[in-house]
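K.L.:
Here is my input, please return the structure:
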Amino acid sequence: MRSTSRPALREPSYFVLAALLGGPLHGYAVIKRVTELSDGRVTLAAGSLYSVIDRLLGEGLVAADGEEIVNGRARRYYRLTDEGRGVLAEEADRLARAARVVTDRLSSLSAPSTTRIRPA
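P.N.:
Sure, this is the predicted structure:
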């Protein structure tokens, strides 16, 4: 489980973990899924993806999940670990709480208020 001292996930890492929630994917499929999940806000080049994947592998949040040869090239699959699922869930909760702070304040600001006397 994530410790409270762990920094927030960067957006690319967050969406890579989210992409793997549905099961193992190979690199190109992760890139496509990240773009879809982020509504195009996060687009990863192959080099950027593998930097993120390498970091997540090192942190134990993602694991290699097999390899196949397609058109003479190795296609490695990655999966979310239990630790990765926990970190992702905690990060989603953190983001939801942060969003609630703003949406609650916006709601209270747009609610009808009592009459205030303004100084002249």
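K.L.:
what about residue 13, distance to residue 105?
P.N.:
Distance, residue 13 to residue 105, using CB to CB, to the nearest Å: 28 Å. Any C-beta I mention is one placed from the backbone N, CA and C, and that applies to glycine too.
K.L.:
Settle it for me: which of those two has more neighbours?
P.N.:
residue 13 (22 against 10; other CB atoms under 10 Å).
K.L.:
Direction included, what does the helix or strand residue 68 falls within pair up with?
P.N.:
When elements are assigned from DSSP states H and E, residue 68 belongs to strand 62-70. The pairing partners recorded for strand 62-70 under DSSP bridges are strand 73-80 (antiparallel).
K.L.:
Relative to the whole chain's centre, how far out is the helix or strand where residue 96 lies?
P.N.:
Using DSSP H and E, residue 96 falls within helix 82-110. On the basis of CA atoms, centre = their mean, to the nearest Å, helix 82-110 sits 13 Å off its chain's mean C-alpha point.
K.L.:
mind listing what the residue positioned nearest the centre of the chain touches?
P.N.:
By CA atoms, centre = their mean, the chain has its centre lying nearest to residue 14, at 1.7 Å. Residue 14 makes contact with 88, 91, according to CB atoms under 8 Å, 6 or more residues apart in numbering.
K.L.:
quick one: it from residue 93, how far?
P.N.:
For residue 14, the distance to residue 93 (CB to CB) stands at 12 Å.
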